[in-house]
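A.B. asks: Starting from these lines, generate the structure:
(one chain, ligands or ions: 3)
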Amino acid sequence: MEKDGIFRMCSDGEQLKRGQRRDMEVVLEKKDAADWAYRGEGAANLVLAYTGSSPAFIGKVMRLQKARINGSKASNSPTALTAHELLLWKDVDDIVATSNKELACQLYVKHVMSPLLGSAYVDAGTRVPVSREFLESVEKNVISQRPASRVDATKVDTQSDTVLLMSDHSLFPRVTQEVEPCISVEIKPKCGFLPSSKFIDEGNSIKRSITRFRMHQALKFHDGEVSEYSEYDPLDLFSGSKDRIHKAIKDLFSTPQNNFRVFLNGSLIFGGLGGGAHSTNLAIRGAFEDALKGVIQGGDGKRTKSFLQLVAETVHKSGVLDRLLEAQKLDNLDIEGAIHAYYDIISEPCMVCGELGKEKVSQKYLSLHSMSLDESLKMVKDFLIATSAKDCSLMISFRPRKDGSPGSPYNNLYLESTNQSFDYKVNFIDLDLKHLGKMEEYYELDKKIVNCYNQMVETEERQKKTTSTKALQTAN
Ligand SMILES: O=P(O)(O)O[C@@H]1[C@@H](OP(=O)(O)O)[C@H](OP(=O)(O)O)[C@H](O)[C@H](OP(=O)(O)O)[C@H]1OP(=O)(O)O
Ligand SMILES: Nc1ncnc2c1ncn2[C@@H]1O[C@H](COP(=O)(O)OP(=O)(O)OP(=O)(O)O)[C@@H](O)[C@H]1O
Ligand SMILES: [Zn+2]
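C.D. replies: Ligands and ions are numbered 1, 2, ... in the order given. Just a heads-up that it's a prediction; the model follows:
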C-alpha cells in the first residue's frame, strides 16, 4: 500500500515518512474493527474512539471520510486537489507535491490553520492505512448508533485507504492509573462577527446587524432542519465580556442543536450524538445534573449552574476565541466580494456581474475584476481559511485537581462556587480545508439565508399590523 507522501505508523506509534524503511507497518484489518466505537459524526466525517488495549491507539480517535449515499464524497470533494486549488495553495509547504487530497487536508491544518490558531490547540493527526474490510466492518458495527438523518445521507467511504488518527480531545492523556474523571465540552461557535464589507448589496444590509447564525436559524426552521430557534448568539460568546460569554454558554445549554455537547470520560452526557439535539427540557436537565455528580461538587440543582460557570470562565480566561475570531475575520470582503475574485481565478465570466447586466454592474465590482491574479488568489484564500475557522469546533476538557497535587502541565482554573480547582486544556477540531468549488454554493446559500430572514421579518410585521388593526376595530 505505497501511497504518495502518506505517513506510516509503526507498531510502536512512531511516524515514518515516505522513502524511509517501513518495518512492521500497521494496516488496520477486519479483526481490528471491534476495537473502535462510535463517537460522533458531522456532514463529512465519522469519528470512532479506541476501546482496545494497544498502546499505539489508547487515547486516540479515528476520523473516517464519508461518501454520499449517491456515491460522491460527503464534502463534495474530488480525490485530488484541482489545478485551481493547487494554484491557490501553492505557498503551503509540500501541498503541491501531493496528489492525495486527504494528505493535502492534513498539510493545510498543519501549515495554515495551526499557525493561525496556535499549535498548542491544533492536532493535525497522523494518517494510518486501513483495509477495505476494516472500513466495511466498522460501518456495520456502528450503523445502529448513527442518527437516521446521517444514515440516509451518508455512509463510510470504503474506497479510502487511510484514516486520520488523532488524540481523543475529550480525555486527558493517561500517564498513571489516575482515576480523576474528565468532563469535556464541545462548542461549535460559528461566525462571531458582523460583516462590514462594502461589497454587501443594499438589499442585504441586514447582514450588517444580525449574525449569519441567527439568520440561518430562520432558514433551518423553514426547511425543518431545526424544530426551535436557537437562543444562542455568537456575538455574546466572542464578546470578551465575562457576563455575555456566560449568557452564551447558558443559551447553548438551553438550545444545543449541533453547537454544544458534553462528554464524561469520553461518553456523551449532553447534546446530540452525531448531529443536532432538541431544546433542553426538565428531564434532560435532571439527567445532566445527575451525571455531574462526582465531578462538580454541590447539592442537587446547583451542579449544572456551576459547570456552565466553569465553562464560561475558562472560555474567558483562555482567550482562545480571540485567535479564532481573527482567523474568521480574514473574510473581510464577504462572499459578495470574494465571489468576483473566484470567477477571475477560474477564468470564467462572472455570473454575479452577468446577472446584474452591463448597466447595473457597479464600479466596486469592476475594481475587483481588475485586480491581479495574485490579489484574487489572496482574497479567495483568505475567504476559505475564514470559512474553516467559522465551521470548526472547540473542545475544552476539565479534570478536578486534587489539593496538594504536584505541578501539572495544564492550565488551571479555580471555581469559587464549588471551591474546586480544575486542570483544563483546549483543542480545536474540524479545521478542514474548504473546497474552492463550493464558492458558488456559498454565494447561493448566503442569498437564500438573507431572503428567508427578510421574508420572515416582513411576515411578522404584516401580522403585527393586522393584529393592531383588528384591535383598533374592536375598540371602535
Ligand atoms: O454553511 P454552514 O454555516 O451551514 O456550515 C455547514 C455546517 O452546517 P451548520 O454548522 O449546521 O450550519 C455543516 O454541519 P452539519 O452537517 O449541519 O452538522 C458542515 O459542517 C458543513 O461543512 P462541510 O460540508 O462538512 O465542509 C458546513 O459548511 P461550510 O459552510 O463550512 O462549508
Ligand atoms: N479529536 C477528537 N477528539 C474527540 N472527539 C472528536 C475529535 N474529533 C472529532 N470528534 C467528535 O466527532 C464529531 C464529528 O467530528 P467532526 O466535527 O470532525 O466531523 P465533520 O464531519 O468534519 O463535521 P462538520 O459537519 O462540521 O464538517 C465531533 O462533533 C466530535 O464530537
Ligand atoms: Zn463580478
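A.B. asks: C-alpha from now on. contacts and neighbour counts both.
C.D. replies: Fine.
A.B. asks: how would you label the residue nearest to residue 402 when sequence neighbours are not counted: helix, strand or coil?
C.D. replies: The spatial neighbour of residue 402 that comes closest, neighbours along the chain excluded (C-alpha to C-alpha, 6 or more residues apart in numbering), is residue 421 at 7.6 Å. Residue 421 falls in the strand class when you classify it by DSSP: H, G, I helix; E, B strand; the rest coil.
A.B. asks: Hmm, residue 421 is touching residue 408, no?
C.D. replies: No: counting by C-alpha atoms under 8 Å, residue 421 stays clear of residue 408, with 11.8 Å between them.
A.B. asks: Pick out whichever of those two has more residues nearby.
C.D. replies: Neighbours around residue 421 and residue 408, counted as other C-alpha atoms under 10 Å, are more numerous at residue 421. The numbers are 17 against 9.
A.B. asks: OK, contacts around the more buried one?
C.D. replies: 400-402, 412-415 (C-alpha atoms under 8 Å, 6 or more residues apart in numbering).
A.B. asks: what do you get if the cut-off is 7 Å, keeping everything else the same?
C.D. replies: Residues in contact with residue 421, defined by C-alpha atoms under 7 Å, 6 or more residues apart in numbering, are 400-401, 412-415.
A.B. asks: ok, which pair from those residues is furthest apart?
C.D. replies: Greatest spatial distance in the contacts of residue 421: 401 and 415, 11.2 Å, computed using C-alpha to C-alpha.
A.B. asks: SS state for the closest residue to residue 297 other than its chain neighbours?
C.D. replies: The spatially closest residue to residue 297, leaving aside those adjacent along the chain, is residue 418, at 5.6 Å (C-alpha to C-alpha, 6+ apart). For residue 418, the reduced secondary structure class is coil; criterion used: three-state DSSP.
A.B. asks: Mind checking what helix or strand follows the helix or strand of the chain with the lowest mean pLDDT in sequence?
C.D. replies: Of all helical and strand segments in the chain, the minimum by mean pLDDT, DSSP states H and E falls on strand 15-16, at a mean of 42. Past strand 15-16, further along toward the C-terminus, the next helix or strand under DSSP states H and E is strand 36-41.
A.B. asks: Give me the contact status of stretch 324-340 with ligand 1.
C.D. replies: No: Stretch 324-340 stays out of contact with ligand 1 when judged by C-alpha under 6 Å from any ligand atom, the minimum separation being 11.1 Å.
A.B. asks: That stretch: how far from the chain's middle?
C.D. replies: The chain centre lies 17 Å from the centre of stretch 324-340; the measure is C-alpha atoms, centre = their mean, to the nearest Å.
A.B. asks: need the residues of the stretch 351-476 of the chain near ligand 1, please.
C.D. replies: The stretch 351-476 of the chain comes close to ligand 1 at residues 387, 391, as judged by C-alpha under 6 Å from any ligand atom.
A.B. asks: For the stretch 351-476 of the chain, which segments count as helices?
C.D. replies: Counting by DSSP state H, counting those that start in this stretch, the segments of the stretch 351-476 of the chain that form helices are 351-356, 363-369, 373-391, 439-475.
A.B. asks: can these go into JSON lines with extra columns for distance to ligand 2?
C.D. replies: As requested, the helices of the stretch 351-476 of the chain are exported to JSON lines (distance: least, C-alpha to the nearest ligand atom, whole Å):
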{"stretch": "helix 351-356", "distance to ligand 2": "27"}
{"stretch": "helix 363-369", "distance to ligand 2": "30"}
{"stretch": "helix 373-391", "distance to ligand 2": "6"}
{"stretch": "helix 439-475", "distance to ligand 2": "15"}
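A.B. asks: and of these, who's closest to residue 308?
C.D. replies: Closest approach to residue 308 among the helices of the stretch 351-476 of the chain is made by helix 373-391 (22.6 Å; C-alpha to C-alpha).
A.B. asks: so what does the closest one touch, helix or strand wise?
C.D. replies: Contacts defined by 3 or more C-alpha pairs under 7 Å, 6 or more residues apart in numbering; DSSP states H and E place helix 373-391 against helix 320-328, helix 335-345.
A.B. asks: closest to residue 121 among the contacts of residue 421?
C.D. replies: Taking C-alpha to C-alpha as the measure, residue 412 is the one of the contacts of residue 421 closest to residue 121, at 15.9 Å.
A.B. asks: which residues pair with the closest one across the strands?
C.D. replies: Following DSSP bridges, residue 412 is listed with bridge partners residue 423.
A.B. asks: isn't it right up against residue 423?
C.D. replies: Yes: taking contact to mean C-alpha atoms under 7 Å, the distance of 4.6 Å between residue 412 and residue 423 places them in contact.
A.B. asks: Mind jotting down where the strands sit in this structure?
C.D. replies: With DSSP state E as the criterion, the chain has strands at 8-9, 15-16, 36-41, 45-50, 60-68, 126-129, 154-156, 162-167, 183-187, 260-264, 267-270, 393-401, 411-415, 420-429.
A.B. asks: What backbone torsions are found at the residue nearest to residue 297?
C.D. replies: Here is the backbone geometry of residue 418 (degrees, to the nearest 10): phi -120, psi 0.
A.B. asks: and if you look at residue 182?
C.D. replies: With angles defined as degrees, to the nearest 10, residue 182 shows backbone torsions of phi -130, psi 120.
A.B. asks: got the contact list for it?
C.D. replies: Under the contact definition (C-alpha under 7 Å, 6+ apart), the residues listed for residue 182 are 171, 264-265, 397-399.
A.B. asks: Good, we can wrap up now.
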